[in-house]
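>>> Sequence below, structure please.
(one chain, ligands or ions: 2)
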Amino acid sequence: MFIPEGIARILQKLEDNGYEAYVVGGAVRDDIMGRKVNDYDITTSAPADETERIFKDETVATLGKKFGTVTVIFDGNMSAEVTTFRSETGYADGRHPDDVAYAETIEEDLSRRDFTMNAIAYSEKTGYIDPFGGIGDINAKTIKCVGTPERRFNEDRLRVLRAVRFSSQLDFELEEETEKAVHAFSDKLDGLSYERVFSEICRLLCGDGVKRVLMQYRDVMTSAVPCLQRIDGYDQNNYNHCFELYEHTANCVSYVAPELHLRLAALLHDTGKPLKRTTDNDGVSHYKGHPDASEAIAFATLKALKAPNKLCDSVCKLVKYHDERLKPERIRIKKFLSKHGDEFFFDLLKLQKADILSQNPKFYYRLENQNRVYELACSIVKEGTALAVKDLMINGDDVVSLGVKPGKTVGEILSGVLDAVVSEKIRNDREMLIEYAQALIYKKGE
Ligand code: ATP
Ligand code: MG
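Ligands and ions are numbered 1, 2, ... in the order given. Below is the predicted model of the structure:
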């Protein structure tokens, strides 16, 4: 296994002081898989006080000390969590160990870990320590609980979500008994912290195996994100669609790039549909106004899961506009770009493309329109044409020098001028803009 120098030094120091020390968990797993290792966890026979003492000349964080964890900072900005061998027992609340119990041996520490692929330790001295066959399971792309799945999920329900999250992230299947237990526990996820649930859902959504996992574990998904219950198995009764609403949604998620805001928007974009159903005389159902309904549901869902505000806003906006019919007309596109910015515009196009791809293939020709809109928007952005007030050849001071009192009106005049430029009624030419601003001021009676 490749061990970075800083980590090797930490292991060595612990060993020099007479303790055992191993890299463990995700780092070992990811290294075996040839994936990029994000962070290194170290497990050691040294008690936390001892770890703190051994690294007294380095920067350490001791926030996790009561759980046996000391974080050692090295090379300026790298860190490793060094945790004393633990054996967890007794989870009264199905989540937090009642108290931390320490273990004598590395094997005992590994036995409290969730999955065999995460229960492998490594040190230069010992090589791999793999008492549960984790390496074999990694090679077989299998997620398997350490011990009896029901018991392990009963101890900590978050493991149910971790199992499906890893399944998507690594594109591994669950071993049969583990899978059965996941289904058995799918409706027992209440009581988990919203932040933890949200973090698992986000990582699941951005995984390569997301389509398969959303389909295979819809019981888990609808339990963790209850607003999905509405769309689960929902027959859309409309020629645009050949999938029930949940499958359409799962397709849409998988067709959009693995960026969190896009995947969340895809997941939630149609959740309001069932609330907006009307059926015409031909017996075909329609869902007018569903984007707004979905936006409200997305907002409530993301707030409940304690999603960061900025993420919540960008997801909700995409959901709100997901059904906006964009036409490949220069001025319209310029106006949209001016109002919403190019980042949002191109994100929206990505979502809309995924949405079309997840509908009835009979309507794939709509992608042509999408492409034309995309090409046109790219050329507009490339031109560098004025789309925001800051791009105008006049600014607020100019408006003030035309006799407008500093304040709200200045902004209104500038945005009126921008409208005229964006609509190509006038050119972004200083003299023309001043003339136009004067006319606006006159009209406003300022
Ligand atoms: P990643 O960091 O990519 O999410 P990871 O496996 O490192 O993957 P962490 O949450 O960092 O996951 O946890 C580190 C290790 O701690 C895991 O590999 C596993 O051995 C153990 N672990 C984490 N959470 C649990 C849990 N809920 N139950 C049992 N063991 C766990
Ligand atoms: Mg980790």
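>>> contacts and neighbour counts: CA atoms only from here.
Will do.
>>> Tell me which residues touch whichever residue of the stretch 151-300 of the chain sits closest to ligand 1, please.
Nearest residue of the stretch 151-300 of the chain to ligand 1, counting by CA to the nearest ligand atom: residue 159, 5.1 Å away. Residue 159 is in contact with 114, 152, 153, counting by CA atoms under 8 Å, 6 or more residues apart in numbering.
>>> Inside helices: which ones of the residues you listed?
152, 153 (DSSP state H).
>>> Save the contacts of residue 159 as TSV, and put in neighbour count, pLDDT and distance to ligand 1 too.
What follows is the contacts of residue 159, written out as TSV (neighbours: other CA atoms under 10 Å; pLDDT from 0 to 100; distance: CA to the nearest ligand atom, whole Å):
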residue	neighbour count	pLDDT	distance to ligand 1
114	23	96	4
152	21	96	8
153	24	97	9
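>>> Out of the contacts of residue 159, which is nearest to residue 29?
residue 114 (12.8 Å; CA to CA).
>>> The closest one and residue 152 touch, don't they?
Yes - in this structure residue 114 lies within contact range of residue 152 using CA atoms under 8 Å: 7.3 Å.
>>> Now list whatever residues contact both of those two.
Here residue 114 and residue 152 share the contacting residues 145, 146, 159, scored by CA under 8 Å, 6+ apart.
>>> Just the CA trace of stretch 9-24, in CSV.
Below are the C-alpha coordinates for stretch 9-24, written out as CSV (Å, rounded to 0.1, in the frame of the first residue of the first chain):
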residue,chain,number,x,y,z
ARG,A,9,6.1,9.2,10.2
ILE,A,10,3.1,9.2,12.4
LEU,A,11,2.9,5.4,12.3
GLN,A,12,6.6,5.1,13.0
LYS,A,13,6.5,7.5,16.0
LEU,A,14,3.7,5.5,17.6
GLU,A,15,5.6,2.3,17.0
ASP,A,16,8.8,3.8,18.4
ASN,A,17,6.9,4.5,21.6
GLY,A,18,6.0,0.8,21.8
TYR,A,19,2.5,0.9,20.4
GLU,A,20,0.8,-0.7,17.4
ALA,A,21,-0.4,1.6,14.7
TYR,A,22,-2.2,1.0,11.4
VAL,A,23,-3.8,2.8,8.6
VAL,A,24,-7.4,1.6,8.5
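>>> buried set for that stretch?
Buried residues in stretch 9-24, counted by 16 or more other CA atoms under 10 Å: 10, 11, 12, 13, 14, 15, 19, 20, 21, 22, 23, 24.
>>> Columns distance to residue 42 on top of those residues, output as CSV?
Written out in CSV, the entries for the buried residues of stretch 9-24 read as follows (distance: CA to CA, whole Å):
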residue, distance to residue 42
10, 9
11, 8
12, 12
13, 12
14, 10
15, 12
19, 12
20, 10
21, 7
22, 5
23, 5
24, 6
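>>> Greatest separation within those residues: which pair is it?
The widest separation within the buried residues of stretch 9-24, taken as CA to CA, falls between 13 and 24 and amounts to 16.8 Å.
>>> now for the top helix by length along the chain, which elements pack on it?
Longest helix in the chain by number of residues (criterion: DSSP H): helix 366-383. In this structure, helix 366-383 makes packing contacts with helix 330-340, helix 342-357, judged by 3 or more CA pairs under 8 Å, 6 or more residues apart in numbering; DSSP states H and E.
>>> And the contacts of that helix?
Under CA under 8 Å, 6+ apart, the answer for helix 366-383 is 326-330, 333-334, 337, 342, 346, 349, 353, 356.
>>> Buried only: go through the residues you listed for me.
326, 328, 330, 333, 334, 337, 342, 349, 353, 356.
>>> tally of neighbours for the closest residue to the second one other than its chain neighbours?
Excluding its sequence neighbours, the residue lying closest to residue 328 (CA to CA, 6 or more residues apart in numbering) is residue 373, at 4.5 Å. Here the number of neighbours of residue 373 (other CA atoms under 10 Å) works out to 18.
>>> From residue 349, how far out is residue 373?
Counting by CA to CA, to the nearest Å, the gap between residue 373 and residue 349 amounts to 9 Å.
>>> name the element residue 100 belongs to?
Per DSSP states H and E, residue 100 falls inside strand 99-102.
>>> which helices and strands does that strand pack with?
For strand 99-102, the elements it packs on are strand 86-89, judged by 3+ CA pairs under 8 Å, 6+ apart.
>>> does the strand it packs on come close to ligand 1?
No - Strand 86-89 stays out of contact with ligand 1 when judged by CA under 6 Å from any ligand atom, the minimum separation being 8.8 Å.
>>> what's that strand packed up against?
Under the contact criterion of 3+ CA pairs under 8 Å, 6+ apart, strand 86-89 touches strand 99-102, helix 106-111.
>>> buried sites along the last one?
So that's helix 106-111. Neighbour-count burial for helix 106-111 flags 106, 107, 108, 109, 110, 111 (criterion: 16+ other CA under 10 Å).
>>> Tell me the residues on this protein that lie near ligand 1, please.
Counting by CA under 6 Å from any ligand atom, the residues of the chain close to ligand 1 are 25, 26, 113, 114, 118, 119, 158, 159.
>>> ok, the worst-scoring helix or strand of the chain on mean pLDDT: who's next to it in the sheet?
Within the chain, judged by mean pLDDT, DSSP states H and E, the helix or strand with the poorest mean is strand 86-89; its value is a mean of 79. The strands beside strand 86-89 in its sheet (DSSP bridges) come out as strand 99-102 (antiparallel).
>>> what pLDDT does the residue lying closest to residue 120 once chain neighbours are set aside get?
Nearest residue to residue 120 in three dimensions, chain neighbours excluded: residue 130, at 4.8 Å (CA to CA, 6+ apart). The score at residue 130 is 98. That number is its pLDDT.
>>> Spit out the contact partners of residue 130.
Each residue near residue 130 by CA under 8 Å, 6+ apart is listed here: 119, 120, 121.
>>> For it, grab phi and psi.
Backbone torsions of residue 130, given as degrees, to the nearest 10, read phi -140, psi 70.
>>> where's it relative to residue 25, distance?
Distance, residue 130 to residue 25, by CA to CA: 11 Å.
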